[in-house]
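Chemist: Task: produce atomic coordinates for the following.
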Amino acid sequence: MALSKEELEKEKDYLKEASSIISEKLDALGKEIDVKKEELTEFKKVLWQDKGNIDKVEMTTGLMNSVFEANFMLMKMDYYKKLVKLKYSPYFGRIDFKEDDKDELNKIYIGLAGVEKDLNYIIYDWRSAIAGMFYDYGIGRAKYDAPDGVIKGEIFLRRQYKIENNKILRAFDSSLNVVDDMLQEVLQENSSDKMKNIVNTIQKEQNEIIRNVHDKNLIVQGIAGSGKTSVALHRIAFLLYKIKNLKSSNVLIFSPNNVFSEYISDVLPELGENNTCETTFGDFAKGFIKEFRKVESFTAFIEKFYTKKDNDEKLTAYKLSDKMINVIENYVKEIENNIVIEYDIETKTNKIDKKYLNYILKERFNRLPIFSRVEKMAEHLCDKLGLSYGKYKRSFMKLIKEGLNIKPDYKKIYERMYESASFVNDYGSLEEIKLSKSAINYDDALCFIYLKGLLTGFPYSNVIRQVVIDEAQDYNKMQYIILSKIFKRASFTILGDVNQTINPYYKYDTLEKLSDVLNDKTRYIELNKTYRSSPNIINYANKVLNLKHVSAIRNNNNEPVTFRSDDQLLIKDALELKNKYKSVAVITKNEEEAKYVYDLLKDDVANISIMNDNSKEFDKNFVIVPSYLSKGLEFDSVISYTNKNNVYKKEEMYLFYVVVTRCQHELIIYNAPFTI
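Modeler: Below you'll find the predicted structure:
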């Protein structure tokens, strides 16, 4: 409901006052930061020039004060950056809330960061507890968790704003409703090159995930366009605000590919937080597989399947199956049972009998992974003989390894696994397996990490306290076991959609099964509303996988899904969509088709780009992208293209579903699967 003229004038006055206070704070902070910078620079100068004459206690005190002042200045600079973001658009929402048994009506303005004057908030941070009511309640009864307990009361007004350059473009009152005007206005906007924050349109079911601090781990099953990734990033921003001493460097995001990492890179800075650590599983694996220079990426691994370059799909599927977990674990037990030290250890002054060595190998340190026992054994021998670690530990380790009948050569150990009883009894015999000297395939990399981790121990990380895994459905159970062992004390937020599985070798019926891996307190949540695509596109996408529970929130733009069978129309369609929309994608089945389309269009379509596995960034103006690289991205319009002889088969319907759900407004399909 639009505001009255009188009410609008009051809002303009409040905006003017808020903007003035922000400007004053920016000026004061700017001067304070400059002074502190000069003081720190002067201290460093004095320390360097007079370091020989400064008393040690005085120097230590000065350094401690310097570090404190530097950290304090960094906090001020972070807040300064947040105020800069607020300067021209201070807030986006307001609720009027009256606590029970109190007469005062609190006007709560909500923005990206909090601003106070004289100990009173003129703007509340969207992450604050009281601001959470804006997302969870409409007019009527409401409550929020305060430090002193639950505060109950009533909301009398819920107002939304669109403010640019310190001018109110729109202001209206609304109850909480997923089809409200503000949300629809945002949904009708053209997509941009980077994902944007959704802080002013967060929906109730999304807010429950973002603000959940009661469950250690969250597993979110969300359909295409339900805002999973946005929710994950806003959750990170909330946790950085809520959890004491949690910093961006304590958070790790696993993304599907490098392009997606670049696509989401603006969201946290928009919310006033630094970007977190980010990686793909393939890049992460390189840190633990020192035996190879190159680890195949997930995208390259998938490409092999869809271009029929995988020479043994049956074996690949077995390596990624849950059965392989048992094979590796049983193989490690075989090694532990069969490994022995074959020789006595002799030094200039001592002889250690192999019987005793095998006792400490098999009994004394049997709780440790087999090859991590070597170091403990060496330390034990030093203690027993009264020798220093520094002089003798390495020598003992070398002698122990030389005496082992199974050497810690992890490549050879891995190759022999395929001859072991644990593998052969379940899968059958194979020809000799030989790993490359320089590169390892993605499927082998997963098995190699798990095997090596069980033999040597998984590297424990205490720096990472929050782990976010996006496109979770493309990770197999073994990967989750590996990550849960490396990040033992971290909390996990896992987001995915079983209907968007592009890994042809592994499929979950439900992501809820991951609760068994995480063990600790875990909650499973589903998001079944899509905010990305128009109803016509969603209706077609539902038919692809015979889904019935997916509902579209976007208002219908009446653009039908169009079907083509003549490649000669591709240039015409491309040019028309480019003139009509800000972002257009031609999504092909594989990289070979992407190159074909690029060659076909490059002379007629300006500013065209093509994406491959090595791409770090891309221009969404007009991009050609293979299907398996389009995960998580969205475009105003999409042309789904396959060669007539290479249409999506029934077993590739999940990949096709990913393709058609990348589109917001208009979808054209060349050579559609005949089964739909």
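
Chemist: Show me the helices in the stretch 151-300 of the chain, by range?
Modeler: Assigned by DSSP state H, counting those that start in this stretch, the stretch 151-300 of the chain shows helices spanning 181-188, 204-210, 228-242, 258-263, 267-270, 281-286, 298-306.

Chemist: Correction: the previous question concerned the stretch 301-450 of the chain.
Modeler: 313-320, 322-338, 354-359, 373-385, 389-403, 410-417, 421-427, 442-456.

Chemist: Using JSON lines, lay out those together with mean pLDDT.
Modeler: Listed next are the helices of the stretch 301-450 of the chain as JSON lines, based on pLDDT from 0 to 100:
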{"stretch": "helix 313-320", "mean pLDDT": "96"}
{"stretch": "helix 322-338", "mean pLDDT": "97"}
{"stretch": "helix 354-359", "mean pLDDT": "95"}
{"stretch": "helix 373-385", "mean pLDDT": "94"}
{"stretch": "helix 389-403", "mean pLDDT": "93"}
{"stretch": "helix 410-417", "mean pLDDT": "96"}
{"stretch": "helix 421-427", "mean pLDDT": "95"}
{"stretch": "helix 442-456", "mean pLDDT": "97"}
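
Chemist: With respect to burial, which of these scores highest?
Modeler: Mean neighbour count (mean count of other C-beta atoms under 10 Å) peaks for helix 442-456 among the helices of the stretch 301-450 of the chain, with a mean of 21. All C-beta spots, glycine's among them, are computed from the backbone N, C-alpha and C.

Chemist: Other residues contacting it?
Modeler: Identification of contacts with helix 442-456 by C-beta atoms under 8 Å, 6 or more residues apart in numbering yields 282, 285, 288-289, 291, 295-298, 300-301, 316, 319-320, 324-325, 328-329, 331-332, 335, 369-372, 408, 410, 413-414, 417, 435, 440, 476, 478-479, 481-482, 485, 505.

Chemist: Going C-terminal from that helix, what's the next secondary structure element?
Modeler: Per DSSP states H and E, the first helix or strand lying C-terminal to helix 442-456 is strand 466-469.

Chemist: other SSEs contacting that next one?
Modeler: When contacts are defined as 3 or more C-beta pairs under 8 Å, 6 or more residues apart in numbering; DSSP states H and E, strand 466-469 packs onto helix 228-242, strand 251-254, strand 491-496.

Chemist: thinking again about what came up before, nearest to Met1, out of the helices of the stretch 151-300 of the chain?
Modeler: Closest approach to Met1 among these is made by helix 181-188 (9.5 Å; C-beta to C-beta).

Chemist: Show the average pLDDT along that closest one.
Modeler: Helix 181-188 shows a mean pLDDT of 58.

Chemist: One more: stretch 223-243?
Modeler: 94.

Chemist: Relative to the whole chain's centre, how far out is it?
Modeler: With C-alpha atoms, centre = their mean, to the nearest Å as the basis, stretch 223-243 stands 9 Å off its chain's centre.

Chemist: How about stretch 558-573?
Modeler: With C-alpha atoms, centre = their mean, you get 35 Å for stretch 558-573.

Chemist: from the middle of its chain, how far away would stretch 417-428 be?
Modeler: Distance, centroid of stretch 417-428 to centroid of chain: 36 Å (C-alpha atoms, centre = their mean).

Chemist: typo on my end, it should be stretch 583-601
Modeler: For stretch 583-601, the gap between its own C-alpha mean and the chain's C-alpha mean amounts to 27 Å (C-alpha atoms, centre = their mean).

Chemist: Buried residues, that stretch. List them.
Modeler: 583-591, 593-594, 596-598, 600-601 (16 or more other C-beta atoms under 10 Å).

Chemist: follow-up on the earlier one: tabulate the helices and strands packed on strand 466-469 (JSON lines), appending mean neighbour count and distance to Leu399.
Modeler: Formatted as JSON lines, the helices and strands packed on strand 466-469 follow (neighbours: other C-beta atoms under 10 Å; distance: least, C-beta to C-beta, whole Å):
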{"stretch": "helix 228-242", "mean neighbour count": "22", "distance to Leu399": "49"}
{"stretch": "strand 251-254", "mean neighbour count": "23", "distance to Leu399": "39"}
{"stretch": "strand 491-496", "mean neighbour count": "24", "distance to Leu399": "42"}
